[in-house]
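Colleague: sequence first, predicted model second:
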Amino acid sequence: MTQEFEFDVVVVGSGAAGMTAALTAAYRGLSVTLIEKSRSFGGSTARSGGGIWIPNNPVLQREGVPDSPELARTYLRAVVGERVPEAKQRAFLDRGPEMMRYLGARSKYWEFLYDRGYSDYHPEFPGGLAQGRSIEPAPLDGRLLGDDLHKINQPTMSGPKGIAFTVSDFHDLNMIARTWAGKRTAIKVGLQAVRNRLRGRLPLSLGKALVARLWLSLRDAEVPVWLNTPLTELITEGNAVVGVRAERDGAPVVLRARRGVVLAAGGFEHNLEMRKQYLSGPQSTDWTVGATENVGEGIVAGQKVGGTVDLMDDAWWGPSVRNPDGPPFFCLAERSQPGGIMVNHAGERFVNESAPYVNVVHTMYEQEATGIGHIPSYFIMDQRFRDRYLFLGNFPKRPLPQKYRDAGIIEQADTLAELAAKIGVPPATLTATVQRFNRFARAGRDEDFRRGDSAYDRYYGDPTVRPNPCLAPIEQGPFYAVEMVPGDLGTKGGLVTDEHARVLDTDGRPITGLYAAGNNSASVMGNDYAGAGATIGPAMVFGYIAADHIAGGEPGTTATSTAIQADAHSKGRR
């Protein structure tokens, strides 16, 4: 027998988009239930760095960041171009700060830190900021969650018990062998871990801290969250979506939605059939760090009721190293540190290795199509690089795990010619490529790809290396070659939505009662990436917009603005 329930709003998915939508709906006085297919909550957000990119938000204003609405519009337009309608870009920028104020005025768990210096990904574009616009959740004690703590989706990597670090800490820790800031941060993080263990604290940071703060807020607002409840299909009456069919703990249920359904169930990164259908070039579900539950059923459900899709041929890419035991290692800092390069199967460089990760993989796929192998590519480094920097989470001078060597992911040789033979590239070409790069490194200028020219390139560079913190010769054996594949944080394409987060049909008309946010929807970032947190920031903003629109609010309406101001005054904020 199928049980039936009725609410004002049903939200599908418990990542940042879904939880923000459910929380907003509850604060607007609507009855709301959130369903999640997994036995854990948080989705890909819990596995992420937890960064949020929302220009002009209250945290940036508090920190005195010289941002403005006009600067932000100019920058986003330069990044996205005409790939995304201007109305949707404007909605994200205008409503983002509003979302932060609105939820911050209501949730006692709303606390964020500014990642000062983490540059926008294209700071050289008009309106870009070299000091960055990214924020992250403040760490918190996991004991606040009680028995719910074990329900958080686990990250792809975990450290020793008691350790929690911020994005800024991670930046400094990469220079543990090179700078006093790195050493001080390592001591600080280590002492915090000792204190946490002595006091029984269970610190959460990064993406886990963000989903924990949202979960605690939902719990305070008494929003029911049904785990282990996968969506099976949307329910329609005429041309309107009026609810969902799902399975709760294996039993069929119907959830009627009087006012709207919000799809926020992630992308299709773990669906190999969809990857091959929509994404070009070599594909594998082993290369993604997205939540394993993300197989695209939310997108397919929307298509079945008439929704159209866009950006299905793109993802939140990043060069990654396969892990024989689990999810791949998503390479952030490694590519910017001096003394390493990426080469193709011909043994030649083909990209600015320090460029934003999505752009590097775009180049890998573009060049793969020329007939010269670029997937996988090879990261070439020498022993000096290993003695100076963390790599794959391993401290400097420590041997790299044998499992990578056994799987053929890492090769080592005393000479570049021997290394080339091991990975099947022409020895003479690889040797010449490194010699040419070494000339650039000694001069401090990359004449081929301008590596180190951008503030973003330099963020993870080595400040002790001059004149270019991203360039150093590769000359001290033994030498290493590390296989790099086109990994991703999740897929970028999904249901097309308007500035109110309503799902549009093939004629561009909104489907009554159906909304989408996060990776269920086609990204407001188009084919690019504005800055760290440009996945989660828009996911939260459009989750908020969806719930606010369902509740009857419109951008800039007196009702919404008055509600925000009233709460701000009640908490002594202006």
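Modeller: Cool, the structure landed. Numbers count the residues shown, from 1 in each chain.

Colleague: what about the helices in the stretch 451-574 of the chain?
Modeller: Along the stretch 451-574 of the chain, the stretches classed as helices by DSSP state H, counting those that start in this stretch are 455-459, 536-550, 558-570.

Colleague: the longest one - contacts with which helices or strands?
Modeller: Using 3 or more CB pairs under 8 Å, 6 or more residues apart in numbering; DSSP states H and E as the contact criterion, the elements in contact with helix 536-550 are strand 3-12, helix 16-27, strand 52-53, helix 86-104, strand 251-263, strand 510-516. Bear in mind the C-beta positions are built from the backbone N, C-alpha and C, glycine included.

Colleague: how about 7 Å then?
Modeller: helix 16-27, strand 52-53, helix 86-104, strand 251-263 (3 or more CB pairs under 7 Å, 6 or more residues apart in numbering; DSSP states H and E).

Colleague: tell me the angle that helix makes with strand 251-263.
Modeller: Computed with axes from the mean of the first three to the mean of the last three CA atoms, to 10 degrees, the direction of helix 536-550 lies at 100 degrees from that of strand 251-263.

Colleague: circling back: please identify the deepest-packed of the helices and strands packed on helix 536-550.
Modeller: Mean neighbour count (mean count of other CB atoms under 10 Å) peaks for helix 16-27 among the helices and strands packed on helix 536-550, with a mean of 30.

Colleague: spit out the contact partners of residue 505.
Modeller: 306-308, 511 (CB atoms under 7 Å, 6 or more residues apart in numbering).

Colleague: likewise residue 142?
Modeller: Residues near residue 142 by CB under 7 Å, 6+ apart: 149, 202-204, 212.

Colleague: could you check how far the closest residue to it other than its chain neighbours is from residue 196?
Modeller: Once flanking residues are discounted, residue 142 sits nearest to residue 202: 3.6 Å by CB to CB, 6 or more residues apart in numbering. Using CB to CB, to the nearest Å, residue 202 is found at 8 Å from residue 196.

Colleague: what does residue 493 give?
Modeller: Separation of residue 493 from residue 196 (CB to CB): 40 Å.

Colleague: quick check: residue 345 touching residue 425?
Modeller: Yes. Look at residue 345 against residue 425 with CB atoms under 7 Å: they come within range, at 5.9 Å.

Colleague: the more surrounded of those two?
Modeller: A direct count of neighbours by other CB atoms under 10 Å for residue 345 and residue 425 places residue 425 higher, at 22 against 17.

Colleague: per-residue pLDDT, that one?
Modeller: On the pLDDT scale, residue 425 is placed at 98.

Colleague: hmm, back to that, now, which of the contacts of residue 142 lie within helices?
Modeller: residue 212 (DSSP state H).

Colleague: from the contacts of residue 142, which is closest to residue 69?
Modeller: Nearest to residue 69 out of the contacts of residue 142 is residue 212 (CB to CB; 31.3 Å).

Colleague: need the nearest residue in space to residue 518, chain neighbours excluded.
Modeller: Excluding its sequence neighbours, the residue lying closest to residue 518 (CB to CB, 6+ apart) is residue 17, at 3.1 Å.

Colleague: residues touching that neighbour, list them.
Modeller: Counting by CB under 7 Å, 6+ apart, residue 17 makes contact with 264, 517-518, 539-540, 542-543.

Colleague: if we can go back for a sec, is it true that the residue nearest to residue 142 touches residue 141?
Modeller: Yes. Under the criterion of CB under 7 Å, residue 202 makes contact with residue 141 at 6.2 Å.

Colleague: how about the contacts of residue 505 in CSV, adding neighbour count, distance to residue 21 and pLDDT?
Modeller: Formatted as CSV, the contacts of residue 505 follow (neighbours: other CB atoms under 10 Å; distance: CB to CB, whole Å; pLDDT from 0 to 100):
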residue, neighbour count, distance to residue 21, pLDDT
306, 17, 21, 97
307, 28, 17, 98
308, 16, 21, 98
511, 23, 17, 98
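
Colleague: between those, which sits nearest residue 235?
Modeller: residue 511 (12.7 Å).

Colleague: who's in contact with the closest one?
Modeller: Neighbour list for residue 511: 239, 241, 305-307, 503, 505 [criterion: CB under 7 Å, 6+ apart].
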